[in-house]
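Asker: Sharing a sequence plus its predicted fold:
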Amino acid sequence: MALLHRSWRRWPPVAARHITHAPAWITAALRARSSSSGAEKIEERQKLLMARGIPKQKMIPGVKQVIVVASGKGGVGKSTTAVNLALGIAANDMVVGLLDADVYGPSIPRMMNLRGSPELTNSNLMRPLVNFGIVCMSMGFLVEEGAPVVWRGLMVMSAIERLLRQVDWGQLDYLVVDMPPGTGDVQLSISQNIPISGAVIVSTPQDIALLDAQRATEMFRKVNVPVLGIVQNMSVFQCPKCKYESHIFGADGARALAAKLALDVLGDIPLHLKIRETSDKGQPIVISHPDSSEAKAYLRLAAEVIKRLPTPPCVSSGKV
Ligand SMILES: Nc1ncnc2c1ncn2[C@@H]1O[C@H](COP(=O)(O)OP(=O)(O)O)[C@@H](O)[C@H]1O
Ligand SMILES: [Mg+2]
């Protein structure tokens, strides 16, 4: 406030103060100028204060690049995309990890067919569980399946910090993070704690999901996380009998949003029974039906994502 007062006192500038009967338009213009200058200063000060409050970003030891899979909305296919994207990237001879950051509704244990609690290493780090060559960590490994996590924001943020850092990730080319829905504490805390190479936004083509996808995009841009593009999920359904194609959630909504936000469409994943079934069974389609057109859609997505990321300093060739 003090800043605001001072800047107001300085206005109007000396020359203007000598105009005793200034026309109304001049006084209005001066008022506008003075208030915008005050507002700019306040904005600068707010930025400074916010920058001071933001924790310093620290790399996760051994992890070369972090990709977050996000959307504003739940149920649009983030986890399914994160799982198949991780497997698709791994198919390019990369070592990949998967972090389930959806503390309230972890899906990765089920989708990756993993159960059990992580062991502790000698240095007291949690050892991730592994399946299909992907190292995974999830809140779901630490609580009973189906048990609710009833935590306030601060506890969730501290859990996220642990899931990120108190894990023996080993050497990873990519860590794919399956984000919870929304643009809240978890998203902010991850974005501010670790350097993120890129965010992949998942949306169905319907307006209500697109609106939230836009919010998620704007949030990442605000915290300087590069948004790699949008994945249009469940855009087309082909009748298995007559092959007629219907656009249950709309046809090209994500494409239109991508154009509006100057983003690329990274992939178009059809709505397909096999994708749902294989996810539920813990046999992701990229692994269980690698030659299907749906798996190929995920593999194309993985290639698009890798293409848009800077090459890791030293790409490993070994597998987990
Ligand atoms: N392209 C798709 N075709 C068919 N079912 C899908 C597709 N994508 C996701 N699903 C299903 O939709 C449901 C919600 O997906 P999920 O990945 O859990 O969404 P989110 O993580 O955004 O909440 C799951 O049952 C999943 O199997
Ligand atoms: Mg999910």
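Answerer: Sure thing, it's come through. Numbering: from 1, shown residues only. Ligands and ions are numbered 1, 2, ... in the order given.

Asker: Looking at this protein, which residue is nearest ligand 2?
Answerer: residue 79 (3.4 Å; Cβ to the ion). For the C-beta atoms, the positions are set from N, CA and C on the backbone; glycine is no exception.

Asker: Could you pull up the residues touching that residue?
Answerer: 100, 102, 107, 108, 111, 178, 279 (Cβ atoms under 8 Å, 6 or more residues apart in numbering).

Asker: And those, which is closest to residue 307?
Answerer: residue 178 (21.2 Å; Cβ to Cβ).

Asker: what's the neighbour count on the closest one?
Answerer: Residues within reach of residue 178, counting by other Cβ atoms under 10 Å, total 26.

Asker: again, but for residue 64
Answerer: Residue 64 has 22 nearby residues by other Cβ under 10 Å.

Asker: and it, that's in a helix?
Answerer: No - Residue 64 sits outside any helix when classified using DSSP: H, G, I helix; E, B strand; the rest coil, being strand.

Asker: so the residue of the chain closest to ligand 2 is in which element?
Answerer: helix 78-90 (DSSP states H and E).

Asker: Distance to ligand 2 added to the contacts of residue 79, as a markdown table?
Answerer: Shown next, in a markdown table, are those (distance: Cβ to the ion, whole Å):
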| residue | distance to ligand 2 |
| --- | --- |
| 100 | 8 |
| 102 | 5 |
| 107 | 5 |
| 108 | 8 |
| 111 | 9 |
| 178 | 6 |
| 279 | 10 |
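
Asker: which of the residues you listed lies closest to residue 186?
Answerer: For the contacts of residue 79, the nearest to residue 186 is residue 102 (8.1 Å; Cβ to Cβ).

Asker: nearest residue to that closest one other than its sequence neighbours?
Answerer: Excluding its sequence neighbours, the residue lying closest to residue 102 (Cβ to Cβ, 6 or more residues apart in numbering) is residue 180, at 4.0 Å.

Asker: What is the neighbour count of residue 167?
Answerer: 24.

Asker: do you know how far it is from residue 248?
Answerer: 38 Å (Cβ to Cβ, to the nearest Å).

Asker: swap in residue 229?
Answerer: 23 Å.

Asker: how about the helix holding residue 79, does it reach ligand 1?
Answerer: Yes - using Cβ under 6 Å from any ligand atom, helix 78-90 reaches ligand 1 at 78, 79, 80.

Asker: Residue 72 is in contact with the first one, correct?
Answerer: To tie it back to what came earlier, the one meant is residue 78. No - at 10.2 Å, residue 78 does not count as touching residue 72 under the criterion of Cβ atoms under 8 Å.
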